[in-house]
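Requesting a structural model of the entry that follows:
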Amino acid sequence: MLTPPPHTVLVTGASGFVGTHLVRFLSQKGHTVRALYNSRPPAADMQSLPGVTWQQCDLLDVFAVEEVMQGVGDVYHCAAIVSFRPADKERLLHFNVESTANVANAALDHNVRKLVYISSIASLGRKTNGREITEEEQWEESGNNSVYARSKYMAELEVWRAMGEGLDAVIVNPGIILGEGDWSDGSARLMKIAYNEFPFYTSGINGWVDVADVVRAMYELMQSDVVDERFIITEGNHAYKDIFTMMANALGRKPPHIHANRWMTNLVWRWNMLKHRLTGGELTITKETANTSQNKNLYSNRKLLQFLPGFRYTPMQQTIQRMAQAYLQQQLLKK
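Presented below is the predicted three-dimensional model:
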């Protein structure tokens, strides 16, 4: 077991999906953690973790970021807005890019030991020719790229710029992250959809990964001598149909059985947008999510395994079984 360094570890976005799992992991490892949140306070069970101090911070406030960086050795930058709603475009671009610039600049100013930034495979762009995507991929403007993808790409540029100015840093690009969390939000919401026996499936393929593997990869890269690199983090490439089928089977529910082609998903997102504008109801599918669900994107995970030879991914079937048990347990508690 690695001995925790004596300095403070800073985690931004600590009350979010990945941040929550990361803070819990760091606490178990014996680290002193300064956990930052903005609008979403930590859950009650997170507030009493050993060695963890929670602090509210607006990452768009340069002076506030400089202040929380004092005495920090390691920085995990997890904070981001994840949204595919057209109305969130400007807010998403501004926050994801500017917050990253502020964190990177403050890390430089305070001579932190290392920064690990969690980006996304979305920042690598979308390829429609079936070619495997690697870390060497160059960004190309395309209608297949979401606003979120563009924001993460631009945020990465801020980290690369800071590296050029002397900051030791690593960027990780996880696939779609699965794990226990808020079942009404983010990728964890897919379990709720499967439980409700959503009948449709699309033709899309994407990279998927367990949240525990993302946390472990970030930690091992932080403790290593690796700098000035980025890494795709995916267990493998899986069809959306296969993921939903595994979820349904693990929950004892009926799997999806009606193929939704591109014409159908385009119709659904337009109807959903009209309904949202007329009634203010929840925007469950957008043009961007409809396109993503049909795209076949294949990602290579070889580079991380070359740099961390002992790293092993959790099989997606095992991840989904664990999620299903947690979801079903929560359903029982509600009764």
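
For stretch 327-335, give the mean pLDDT please.
Averaged over stretch 327-335, pLDDT sits at 78.

buried sites along that stretch?
The neighbour-count check on stretch 327-335 (16 or more other Cβ atoms under 10 Å) flags residue 327 as buried. Every C-beta, even on glycine, is put in place using the N, C-alpha and C of the backbone.

which residue ranges form the strands in the protein?
Taking DSSP state E to define them, one finds strands in the chain at 8-12, 32-37, 52-56, 72-77, 114-118, 169-174, 176-178, 200-201, 205-210, 229-233, 236-239, 258-259.

Any idea which of those strands gets closest to residue 328?
Shortest distance between residue 328 and the strands of the chain, using Cβ to Cβ, is found for strand 176-178: 15.8 Å.

who does the closest one touch, helix- and strand-wise?
Packing partners of strand 176-178 (3 or more Cβ pairs under 8 Å, 6 or more residues apart in numbering; DSSP states H and E): strand 205-210, helix 211-223, helix 316-334.

packing partners for the last one?
When contacts are defined as 3+ Cβ pairs under 8 Å, 6+ apart, helix 316-334 packs onto strand 176-178, helix 189-195, strand 205-210, helix 240-251.

what would the strands of the chain look like in CSV with mean pLDDT?
Listed next are these as CSV, based on pLDDT from 0 to 100:
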stretch, mean pLDDT
strand 8-12, 97
strand 32-37, 97
strand 52-56, 97
strand 72-77, 98
strand 114-118, 99
strand 169-174, 98
strand 176-178, 95
strand 200-201, 86
strand 205-210, 96
strand 229-233, 98
strand 236-239, 96
strand 258-259, 86
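
picking up where we left off before, please convert the helices and strands packed on helix 316-334 to CSV, extending it with distance to residue 298 and mean neighbour count.
Formatted as CSV, the helices and strands packed on helix 316-334 follow (distance: least, Cβ to Cβ, whole Å; neighbours: other Cβ atoms under 10 Å):
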stretch, distance to residue 298, mean neighbour count
strand 176-178, 13, 24
helix 189-195, 20, 19
strand 205-210, 7, 23
helix 240-251, 14, 20
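
Make a markdown table out of the ones you listed and add distance to residue 147.
Listed next are these as a markdown table, based on distance: least, Cβ to Cβ, whole Å:
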| stretch | distance to residue 147 |
| --- | --- |
| strand 176-178 | 17 |
| helix 189-195 | 20 |
| strand 205-210 | 18 |
| helix 240-251 | 21 |
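
closest to residue 43 out of these?
Taking Cβ to Cβ as the criterion, helix 189-195 is the member of these that comes nearest to residue 43, at 17.0 Å.

same question for that closest one, mean pLDDT?
The model assigns helix 189-195 a mean pLDDT of 88.

what's it in contact with?
Where contact means Cβ atoms under 8 Å, 6 or more residues apart in numbering, the residues beyond helix 189-195 that reach it are 178, 182-184, 243-244, 247-248, 251, 253, 255, 323-324, 327, 331.

okay, the strands of the chain in a markdown table with distance to residue 190 next?
What follows is those, written out as a markdown table (distance: least, Cβ to Cβ, whole Å):
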| stretch | distance to residue 190 |
| --- | --- |
| strand 8-12 | 25 |
| strand 32-37 | 24 |
| strand 52-56 | 28 |
| strand 72-77 | 25 |
| strand 114-118 | 20 |
| strand 169-174 | 15 |
| strand 176-178 | 7 |
| strand 200-201 | 12 |
| strand 205-210 | 10 |
| strand 229-233 | 18 |
| strand 236-239 | 12 |
| strand 258-259 | 17 |
